[in-house]
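> Mind looking at a prediction? Sequence and model below.
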Amino acid sequence: MLFARICVLAFFSAALLTGCGSVQRLSNNDAPVSAQKAVRAAYSQMGKKYRPGGASPQKGFDCSGLIWWAYKQVGMNIPRLTVDQAKTGSAVSSSTALPGDIVVFRTGRNPQGLHTGLYAGGDTFIHSPRSGERVRMESITVPYWRDKLLAVRRVVR
């Protein structure tokens, strides 16, 4: 487990510092400092338990709670609910995603069937997946997430 966490940390650090990524054309260093800090805040919560309605390290996080909390740590107020996060900021193409952008996925059929994560660079995102899971980083290019990607929203310019 420790080795896996070290590998994830090394990958995240390399992606954030070097701007690697197969689709992305912009450098991760092009992301505003506050967006990069929000990503680091979200990353600091890796391993925290999912909790419906959760938005704090003490109680755990749901998907939108993690993003709301991470941006709150850098003094930004973004919407708390997933459906509102899916409309905040401005839309950007996935090929120009930068660390700190909100990635929105369609995971259900009804209007509330959305899931959000925080793009971390290098084709990865940080999120709090579902009950029984923990905050983690995943590749946005795996078929499950790639096929469900609905939007990328930039909240910091």
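That came in fine, so what should we check first? Numbers count the residues shown, from 1 in each chain.

> Can you pull the phi/psi pair for Gly132?
The phi/psi pair for Gly132 (degrees, to the nearest 10) reads phi 90, psi 0.

> What sits closest to it if chain neighbours are left out?
Tyr50 (7.0 Å; C-beta to C-beta, 6 or more residues apart in numbering). All C-beta atoms are positioned from the backbone trio N, CA, C, and that covers glycine.

> do Trp68 as well
Arg80 (4.8 Å).

> pretty sure the one you found contacts Cys63?
No. Arg80 lies out of contact with Cys63 (C-beta atoms under 8 Å); the separation is 11.2 Å.

> Which one of the two is surrounded by more residues?
Taking other C-beta atoms under 10 Å, Arg80 and Cys63 do not tie; Cys63 has more neighbours (24 against 16).

> pretty sure the more buried one is touching His127, no?
Yes. Using C-beta under 8 Å, Cys63 makes contact with His127 at a distance of 5.5 Å.

> so what sits against both of those two?
Residues within reach of Cys63 and of His127 at once, by C-beta atoms under 8 Å, 6 or more residues apart in numbering, are 115-117.

> Which member of those is positioned nearest Gly89?
Thr116 (11.8 Å; C-beta to C-beta).

> any idea which helix or strand carries that closest one?
Secondary structure assignment for Thr116, by DSSP states H and E: strand 114-121.

> Give me the sheet partners of the very next helix or strand once past that strand and which way each runs.
Counting by DSSP H and E, the element after strand 114-121 in chain order, helix or strand, is strand 124-127. Next to strand 124-127 in the sheet, as set by DSSP bridges, lie strand 114-121 (antiparallel), strand 136-139 (antiparallel).

> and the residue nearest to Trp68, how far is that from Lys59?
14 Å (C-beta to C-beta, to the nearest Å).

> What segments of the chain are helices?
Secondary structure of the chain by DSSP state H: the helices cover 2-18, 33-43, 63-72, 82-85, 143-148.

> ok, back up a step: show the pLDDT at the residue nearest to Trp68.
We have a pLDDT of 98 for Arg80.

> neighbouring contacts of stretch 33-43?
Taking C-beta under 8 Å, 6+ apart as the rule, stretch 33-43 contacts 12, 16, 28, 31, 66-67, 69-71, 73-76, 98-101, 118-121, 126, 135, 137, 155-156.
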